[in-house]
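Peer 1: Fold the following and give me the result.
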Amino acid sequence: LAYSAVLYRNREVVKEVLRLEEQMDSLLYNLRVAAILGARNLQDAVELSGILQIASAAENISNAAADIAKTALSVDITCYFDIEDLEEAVVHVRVSSKSPLNGKTLGELMLETETGMRILAIKRGDRWIYSPDRDEVIMENDLLIASGPTDSVPSFYRVVACEDFARSRRSRRMIYEEIADRIAEMKNISELMVGLAYSAVTFQSKEIAEEVAALEERMDRMKDELEMLVMEAAAASNASKKRFNELRGILHVCFSSEIISDAAYEIADIILRDIPMHPVFAASLREMDEVVLKAEVKNAAGKTIESLGIEKKMGMFVLAVRRKDGTWIYNPDEHTILQPDDIIIMRGPKECEEAVRKLLEG
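Peer 2: Alright, predicted model coming up:
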């Protein structure tokens, strides 16, 4: 939602992000109280400290998301973002009168499984419906805010708006193009890090946690490089006040993306320091809307991630592939060929878990 607010400069979405940030603050407070009351001995205290570290990191992510969203209130930086540069896109699409979605519930449509896109919010007239449940009926002229793999956007547009997705790249001078590429890369890596961090904790994998640590160092370097690019652009003799304001907004998003990467490292740090996890964490995983799962390749050997439709059709983001010889491929591209006995780490909608397991494992 935060990136949606920036990409479409939507003040109503900003308000919802800020409301969710307040809700996260309240949840963290309640969790701290529950943890203090629940620790009966030293072992409980040690295990619950890991839960509190994850919760604190999650709140830092929500605070950073709120800061990203607030950028949309003061400056328009939409010209620095192209959907094609983002691995996970956010789109606003109006439901056409000809759309097959009309009059059907989200549960009936199973959009995440069929299109790979997840509905974050629906605007109906002046009313907003955030995190709609499976019983919500899609109606003509609804405005859908959805996120998912960038490659899934064109087909999603066709089924919702009954028209082709219009790709548009804005012309920018080379230095601004480099800034745009770098901020998109920081967004992509920070989101990858969060997925990998939760994967490391879920599967107790020190190898994945070490990759998160390496990516955190890379993000620090990227932040420094982007700061230099922004200063170079600001120093240009023809830089206008409007351009200065845009560059200030870019720095806000840059700093917030780096905070998200730091929070991801805090989650992975639990594994790096061998902190045991309380059983309540495993129980909480079963309650999540989005799951992190691990599957072994049995039936899909020799096929690419793209040909299987794991991301484009099922909305599952492949975070990593572990080969039989123990080597890892992090953030594999769509042309990666799967081999027998590969272990695939993914994140995505819970509704797609059974289908993707059947596809890979048989």
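
Peer 1: Compute the distance between residue 51 and residue 44, please.
Peer 2: 10 Å (C-beta to C-beta, to the nearest Å). (C-beta placed from N, C-alpha, C; glycine too.)

Peer 1: more crowded one of those two?
Peer 2: The neighbour comparison of residue 51 against residue 44 (other C-beta atoms under 10 Å) goes to residue 51, with 21 against 13.

Peer 1: quick one: buried residues of the helix or strand encompassing that one?
Peer 2: Using DSSP states H and E, the element containing residue 51 is helix 42-74. Buried residues in helix 42-74, counted by 16 or more other C-beta atoms under 10 Å: 47-48, 50-51, 53-72.

Peer 1: helix, strand or coil for residue 347?
Peer 2: Reduced to three states with DSSP: H, G, I helix; E, B strand; the rest coil, the structure at residue 347 is strand.

Peer 1: Show me what it is bridged to.
Peer 2: On the basis of DSSP bridges, residue 347 is bridged to residue 292, residue 317.

Peer 1: ok, now which ones touch it?
Peer 2: Applying C-beta atoms under 8 Å, 6 or more residues apart in numbering, we find residue 347 in contact with 195, 198-199, 290-293, 316-317, 319.

Peer 1: can you rerun that using 10 Å?
Peer 2: Contact partners of residue 347, counting by C-beta atoms under 10 Å, 6 or more residues apart in numbering, are 191-192, 194-196, 198-199, 202, 288, 290-293, 315-319.

Peer 1: measure it to residue 319 for me?
Peer 2: Separation of residue 347 from residue 319 (C-beta to C-beta): 6 Å.

Peer 1: just residue 76 next, same as before
Peer 2: Separation of residue 76 from residue 319 (C-beta to C-beta): 33 Å.

Peer 1: Those two: who's more crowded?
Peer 2: For residue 76 versus residue 319, the count of surrounding residues by other C-beta under 10 Å is larger for residue 319: 24 against 14.

Peer 1: In terms of helices and strands, where is that one?
Peer 2: Assigned by DSSP H and E, residue 319 belongs to strand 317-322.

Peer 1: counting contacts, what elements does the helix or strand just after that strand pack onto?
Peer 2: The C-terminal neighbour of strand 317-322 among helices and strands, as given by DSSP H and E, is strand 328-330. For strand 328-330, the packing partners by 3 or more C-beta pairs under 10 Å, 6 or more residues apart in numbering; DSSP states H and E come out as helix 206-235, strand 317-322, strand 343-349.

Peer 1: List the buried residues of strand 328-330.
Peer 2: Neighbour counts over strand 328-330 (16+ other C-beta under 10 Å) mark 328, 330 as buried.

Peer 1: Neighbouring strands of that strand in the sheet, and parallel or not?
Peer 2: Strand pairing (DSSP bridges) places strand 328-330 next to strand 317-322 (antiparallel).

Peer 1: Give me the angle between the partner strand and helix 206-235.
Peer 2: For strand 317-322 against helix 206-235, the angle by axes from the mean of the first three to the mean of the last three C-alpha atoms, to 10 degrees is 130 degrees.

Peer 1: And the helix holding residue 51, how far out from the chain middle?
Peer 2: How far helix 42-74 lies from its chain's middle: 15 Å, per C-alpha atoms, centre = their mean, to the nearest Å.

Peer 1: by contact count, what packs against the next helix or strand after that helix?
Peer 2: Past helix 42-74, further along toward the C-terminus, the next helix or strand under DSSP H and E is strand 88-94. Here strand 88-94 touches helix 2-8, strand 118-124, strand 143-149, helix 153-161, helix 174-202, going by 3+ C-beta pairs under 10 Å, 6+ apart.
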